[in-house]
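[1] need coordinates for the below:
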Amino acid sequence: MTALGFDTSNYTTSTAIFDGVGGKNCSRLLPVREGELGLRQADALFHHVRQLPELVEELFESRTDEPISAVGASTRPRAVEGSYMPCFLAGQSQAQNLAKVLDVPFYAFSHQQGHIAASLWSAGRLDLMEKPHLAWHLSGGTTELLLVEPDGRNVKAQRIGGTSDISAGQLIDRTGQMLGLAFPAGKAIDKLSGESETSDKFRVKLQGLEFSFSGVQNKVQDYFRAGHNPADTARYTLNCISLCIASVTREALRQYPGFEIVFSGGVASNSLLRARCAEFSPIFCTPQFSTDNAMGIAVLTYLQENAHGA
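    As a prediction, the model looks like this:
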């Protein structure tokens with residue numbers, strides 16, 4: 001059997017297929033005007049609707065194998081009450097229509113569940129769909145530490161820590177805007193920081209597994225205005241983020257001994273963060289599947305349908 005998945009986040013339009021072993025994902029960033037930090041929801045929804053037909057055509061252009069058995073989509077940011085963003089309606093409506101036309105089941109998931117599943121699959125660790133573990137969701141809109149209790153076919157995640165205000169991705173993008181970089185700025189900040197060896201940082205105050213990044217944003221602005229060059233400023237930002245995440249991870253593993261830790265979301269592709277967290281034997285997926293993508297949704301759709309048919 002083969003599953004089809006859709007994810008239309010606030011940053012990326014994507015669709016994917018998965019056959020239980022491998023698959024293909026086609027994604028495209030939403031167009032953002034120079035100097036701006038994202039899109040209004042109405043604009044994001046418009047661009048998703050416009051981009052989906054081309055991506056679906058690209059996804060199926062070389063496909064000759066078995067037909068689609070189930071269709072899934074991310075329908076909200078997180079699997080919690082009140083979590084909603086209009087941009088997910090684009091992928092959801094496309095997926096529901098296709099499921100009806102193909103006479104196959106439709107399955108709904110959250111964007112966050114898709115991120116975790118994409119990380120597990122691309123890291124070759126789908127075995128963790130059968131056991132509790134910890135997971136970071138580090139993205140443009142979310143910085144949460146999760147206790148994940150999967151049931152073999154879906155991801156049940158409970159927030160146990162994270163930022164109380166802006167996310168790691170927002171901090172990176174705002175730093176990028178200040179430095180005149182294009183949005184989203186994650187890859188550019190990562191590359192720029194590699195030109196610096198500064199160890200300068202602002203140590204984020206932790207309250208258990210909770211912390212705040214809004215103060216770091218002010219420190220980054222002050223650091224740049226004090227005359228430090230863009231490379232040092234990029235490194236300063238990532239020093240603050242990566243040291244904070246490493247400290248929280250260390251405390252979380254003390255509270256949950258023996259648990260494995262998974263990193264998901266676009267910020268999880270950052271090279272400095274990966275280096276700082278290496279001591280925890282973390283599960284990092286390939287950078288391609290750290291950023292927003294539909295592969296995790298296709299994987300979860302496959303698992304749900306496979307369990308349903310068993």
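
[2] the strands in the protein, which residues?
    In the chain, the segments counted as strands under DSSP state E are 2-8, 12-18, 23-29, 68-76, 106-110, 133-138, 143-148, 157-163, 210-211, 261-264, 283-284.

[3] buried deepest among those strands, which one?
    Of all the strands of the chain, strand 2-8 carries the top mean neighbour count, a mean of 30, counting by mean count of other C-beta atoms under 10 Å. Glycine gets a C-beta too; all of them are placed from N, C-alpha and C.

[4] that strand packs against which elements?
    strand 12-18, helix 41-60, strand 68-76, helix 88-102, helix 111-122, helix 295-309 (3 or more C-beta pairs under 8 Å, 6 or more residues apart in numbering; DSSP states H and E).

[5] can you lay out those as TSV showing distance to Leu30 and mean pLDDT?
    Listed next are these as TSV, based on distance: least, C-beta to C-beta, whole Å; pLDDT from 0 to 100:
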stretch	distance to Leu30	mean pLDDT
strand 12-18	7	97
helix 41-60	5	96
strand 68-76	15	97
helix 88-102	11	98
helix 111-122	14	96
helix 295-309	18	92
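
[6] got the ones you listed as TSV, with distance to Gln158 columns?
    Converted to TSV, these look like this (distance: least, C-beta to C-beta, whole Å):
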stretch	distance to Gln158
strand 12-18	26
helix 41-60	27
strand 68-76	16
helix 88-102	21
helix 111-122	11
helix 295-309	18
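
[7] wait, which of those is closest to Thr249?
    Nearest to Thr249, of all the helices and strands packed on strand 2-8, is helix 111-122, at 15.0 Å by C-beta to C-beta.

[8] circling back: Gly141: which of the helices and strands packed on strand 2-8 is closest?
    Closest to Gly141 of the helices and strands packed on strand 2-8 is helix 111-122 (C-beta to C-beta; 8.9 Å).

[9] now do the closest one: distance to the chain's middle.
    A distance of 8 Å separates the centroid of the chain from that of helix 111-122, by C-alpha atoms, centre = their mean, to the nearest Å.

[10] Ser9 touches Asp292, doesn't it?
    Yes: Ser9 sits in contact with Asp292 when judged by C-beta atoms under 8 Å, with a separation of 4.5 Å.

[11] anything in contact with each of the two?
    Common contacts of Ser9 and Asp292 (C-beta atoms under 8 Å, 6 or more residues apart in numbering): His111.

[12] rewinding a little: quick one, which of the helices and strands packed on strand 2-8 gets closest to Ser269.
    helix 111-122 (10.6 Å).

[13] next, the angle from that closest one to strand 2-8.
    Compare the direction of helix 111-122 with that of strand 2-8 by axes from the mean of the first three to the mean of the last three C-alpha atoms, to 10 degrees and you get 130 degrees.

[14] between helix 111-122 and strand 133-138, how many degrees?
    Interaxial angle of helix 111-122 relative to strand 133-138 (the same axes, to 10 degrees): 110 degrees.

[15] send the alpha carbons of helix 111-122 over as PDB?
    The C-alpha coordinates for helix 111-122 follow below in PDB (Å, rounded to 0.1, in the frame of the first residue of the first chain):
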ATOM      1  CA  HIS A 111       1.900  19.600  12.000                       C
ATOM      2  CA  GLN A 112       3.900  18.700  15.100                       C
ATOM      3  CA  GLN A 113       3.000  15.000  14.900                       C
ATOM      4  CA  GLY A 114       4.200  15.100  11.300                       C
ATOM      5  CA  HIS A 115       7.500  16.700  12.300                       C
ATOM      6  CA  ILE A 116       8.200  14.000  14.900                       C
ATOM      7  CA  ALA A 117       7.300  11.100  12.500                       C
ATOM      8  CA  ALA A 118       9.500  12.600   9.800                       C
ATOM      9  CA  SER A 119      12.400  12.800  12.200                       C
ATOM     10  CA  LEU A 120      12.000   9.200  13.300                       C
ATOM     11  CA  TRP A 121      11.600   7.800   9.800                       C
ATOM     12  CA  SER A 122      14.500   9.700   8.300                       C
END
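
[16] where's the residue sitting nearest the centre point of the chain relative to Thr142, distance?
    Centroid-nearest residue in the chain: Gly265, 2.4 Å away (criterion: C-alpha atoms, centre = their mean). From Gly265 across to Thr142, the span is 7 Å (C-beta to C-beta, to the nearest Å).

[17] hey, what's in contact with both of these two?
    Gly169.

[18] about what we covered before: would you turn the strands of the chain into CSV with distance to Lys219?
    Below are the strands of the chain laid out as CSV (distance: least, C-beta to C-beta, whole Å):
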stretch, distance to Lys219
strand 2-8, 34
strand 12-18, 30
strand 23-29, 29
strand 68-76, 33
strand 106-110, 33
strand 133-138, 19
strand 143-148, 17
strand 157-163, 15
strand 210-211, 14
strand 261-264, 24
strand 283-284, 27
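
[19] rewinding a little: closest to Ala278 out of the helices and strands packed on strand 2-8?
    When the helices and strands packed on strand 2-8 are compared by C-beta to C-beta, helix 111-122 sits nearest Ala278, at 16.4 Å.
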